[in-house]
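Trainee: Below are the sequence and a predicted model for it; my questions follow.
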Amino acid sequence: MTDWFARPVLHVTDVEASLRFYVDRLGFTSPWRFDEDGKTFVAQVDRQGCALILSSQWPAKVGKGLMFISLNVSPAIEPDSREGAVAALDALRAELEGKGVVVKDGSWGYRILVVDDPDGNQLFFNYPAEPASGENAGDKS
């Protein structure tokens, strides 16, 4: 069987500005980038198995991305994986807010954290099995 690996593309206005946000504020690394004539057009950011491509090549698509990111908590490390996942997301929230990132609460049938990048692309981090407030994530802009 062949394994698949996805690297979704988020469309951004300025790849350099987006790199600063994803690396400096969200804790990603950037393993590669495509530059031409001193301007960065495409770059990848990675964090803990999550890989995203940032691209400025399709201006009409800027800010329309929605990325759903699940934190996988190992049951071997956390006996109650639901509690472990909630604790991991609470720790992520504290980390991001400590770096000045605006983190909103949202819902998609369960609680999620919502982070908007500088272009309006949204990152959804889930709280597995947490009850929802009844509002959809898109309603909490």
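Mentor: Thanks, I have the structure now.
Trainee: Point to the residue nearest the middle of this structure.
Mentor: Closest to where the C-alpha atoms of the chain average out (C-alpha atoms, centre = their mean) is Leu123, at 4.0 Å.
Trainee: Sketch out the low-pLDDT regions of this structure for me.
Mentor: The chain contains residues with pLDDT under 70 at 73-85, 127-141.
Trainee: farthest residue from the center of it?
Mentor: In the chain, the residue that sits farthest from the middle, by C-alpha atoms, centre = their mean, is Asp37; the gap is 29.1 Å.
Trainee: Could you measure from it over to Ser18?
Mentor: For Asp37, the distance to Ser18 equals 19 Å [C-beta to C-beta, to the nearest Å]. (Each C-beta comes from the backbone N, C-alpha and C, glycine too.)
Trainee: And Ala43, by the same measure?
Mentor: 8 Å.
Trainee: got it, and Ala51?
Mentor: 15 Å.
Trainee: Sketch out the strands for the chain, chain order is fine.
Mentor: Counting by DSSP state E, the chain has these strands, from start to end: 9-11, 29-36, 39-47, 50-55, 66-69, 104-107, 111-116, 122-126.
Trainee: With respect to Ala94, which of these lies nearest?
Mentor: Nearest of the strands of the chain to Ala94, taken as C-beta to C-beta: strand 111-116 at 11.0 Å.
Trainee: Now that closest one - C-alpha only, PDB.
Mentor: Written as PDB, here are the backbone C-alpha positions of strand 111-116 (Å, rounded to 0.1, in the frame of the first residue of the first chain):
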ATOM      1  CA  ARG A 111     -14.900  23.100  20.200                       C
ATOM      2  CA  ILE A 112     -12.000  24.400  18.000                       C
ATOM      3  CA  LEU A 113      -9.400  27.100  18.300                       C
ATOM      4  CA  VAL A 114      -9.400  29.500  15.300                       C
ATOM      5  CA  VAL A 115      -6.300  31.500  14.200                       C
ATOM      6  CA  ASP A 116      -6.400  33.800  11.200                       C
END
